[in-house]
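K.L.:
Okay, predicted coordinates and the sequence, questions at the end:
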Amino acid sequence: MTEIEFEIALRKGLGRCVLALNNKADLNRYKKVLLKCCTHNISEYIDLEKSRGEFLYRLVKKYEQDNYFVEQVVSAYKKINRLTKIKYNLFVQMTDFLWCFAEEKNTVAREALYEKFSVFSNILRTCQKTVLETKNAFEMMGLKILENDGFPGFIKVVVAIDDICRCNEKFSFSDFAEVLEAGRMKFRISMILQELSECASRKMYNYFYISYRKRTSFLNKPVPQGEDRELFIQISDVCNETDYLIEQGMTMPDPEVFSVCRRIVALNEEAKRRSVPRDLLVFAYENSPSSHLRARVVQYMGKKRMITKEMAIECLNDCNEEIVKYIRQHQNHLFK
């Protein structure tokens, strides 16, 4: 093939390019064309198929000095910040290309990827207008980090999302549902909650806790008979009400939220309060408009060892003196 024919075939992703590079005598002949394609987008159809990043990686690996290509791609990659629709396709291609090398423990590629993830995270934290391509790129990289770095990578992504949503009211956790859900499906919820209790906001912790914790398994239990039946029905009703409020984004009036929180406290005062799902207390703590109810909730959470260090610090500064007093009385245990 001529160089032009090679480039045309490469843009189409044809296997003849791989076969051509099997001939070591032709490696130098196509090197310049290959580098050009590594630093320019060569597919406009990534909404229908994968980018050409992995394909380019296979071609580059035919060369002994593959770092030459990596360094050139990284140089171009670092110049991509604010994404447009045109630049987005190139960004995806380069990201896929570099991830292939990162999986081989190539530190240059890996550092460039994580640096770009941080750059996009900072942009989303401070942007004042819609940046759809940047948000999509951030989430795509989050999925890649989850896939390649496992649980530690997922926690890193969750913490970044948490930070974005705390700093920029334009975003909510639901904007990043794809990567959050991917991690929830891949890792045990107990592992996620344990890690987030140390490194994320209580709001992010509650996102996982309230959405996925014990309530689902409770509602799937068979309805008991006898004296337990009434308590089971009461708990089920409260679970359904809190689910509804969560789905509504907490837009319900305070009196309705207060009523649900008061019922949660009442359920925990029953003799068989151990059967009450713990996440209902988290809901009441987070959403009760009454500090009096919140004080009761904090006490029950303390008995069930649910108070995290971050929550305890917040409680020491609560408007309710009972809450502050309770935390001070138990601070030796809570701040271990």
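P.N.:
That came through fine.

K.L.:
worst-scoring helix or strand of this protein, pLDDT-wise?
P.N.:
Ranked by mean pLDDT, DSSP states H and E, the weakest helix or strand in the chain is helix 215-219, scoring a mean of 52.

K.L.:
Can you name the next helix or strand after that one?
P.N.:
helix 228-247 (DSSP states H and E).

K.L.:
got the contact list for the following helix or strand past that next one?
P.N.:
Per DSSP H and E, the first helix or strand lying C-terminal to helix 228-247 is helix 254-268. Residues outside helix 254-268 that contact it (C-beta atoms under 8 Å, 6 or more residues apart in numbering): 231, 234-235, 238, 241-242, 245, 250, 273, 276, 280-281, 283-284, 287-290, 293, 296-297, 300. For glycine as for every other residue, the C-beta is placed from the backbone atoms N, C-alpha and C.

K.L.:
Just the buried residues of helix 254-268, please?
P.N.:
Val257, Phe258, Val260, Cys261, Arg262, Arg263, Ile264, Val265, Leu267, Asn268 (16 or more other C-beta atoms under 10 Å).

K.L.:
Secondary structure element for Met204, which one?
P.N.:
helix 202-212.

K.L.:
Return the angle between stretch directions for that helix and helix 228-247.
P.N.:
Orientation check (axes from the mean of the first three to the mean of the last three C-alpha atoms, to 10 degrees): helix 202-212 against helix 228-247 gives 130 degrees.

K.L.:
what's helix 202-212 packed up against?
P.N.:
helix 132-167, helix 177-186, helix 189-199, helix 228-247, helix 279-287, helix 309-315 (3 or more C-beta pairs under 8 Å, 6 or more residues apart in numbering; DSSP states H and E).

K.L.:
about what we covered before: let's have the buried residues of helix 254-268 in JSON lines, adding distance to Leu83 and pLDDT.
P.N.:
Shown next, in JSON lines, are the buried residues of helix 254-268 (distance: C-beta to C-beta, whole Å; pLDDT from 0 to 100):
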{"residue": "Val257", "distance to Leu83": "40", "pLDDT": "87"}
{"residue": "Phe258", "distance to Leu83": "45", "pLDDT": "91"}
{"residue": "Val260", "distance to Leu83": "43", "pLDDT": "91"}
{"residue": "Cys261", "distance to Leu83": "43", "pLDDT": "92"}
{"residue": "Arg262", "distance to Leu83": "48", "pLDDT": "93"}
{"residue": "Arg263", "distance to Leu83": "48", "pLDDT": "92"}
{"residue": "Ile264", "distance to Leu83": "45", "pLDDT": "92"}
{"residue": "Val265", "distance to Leu83": "48", "pLDDT": "92"}
{"residue": "Leu267", "distance to Leu83": "49", "pLDDT": "89"}
{"residue": "Asn268", "distance to Leu83": "49", "pLDDT": "88"}
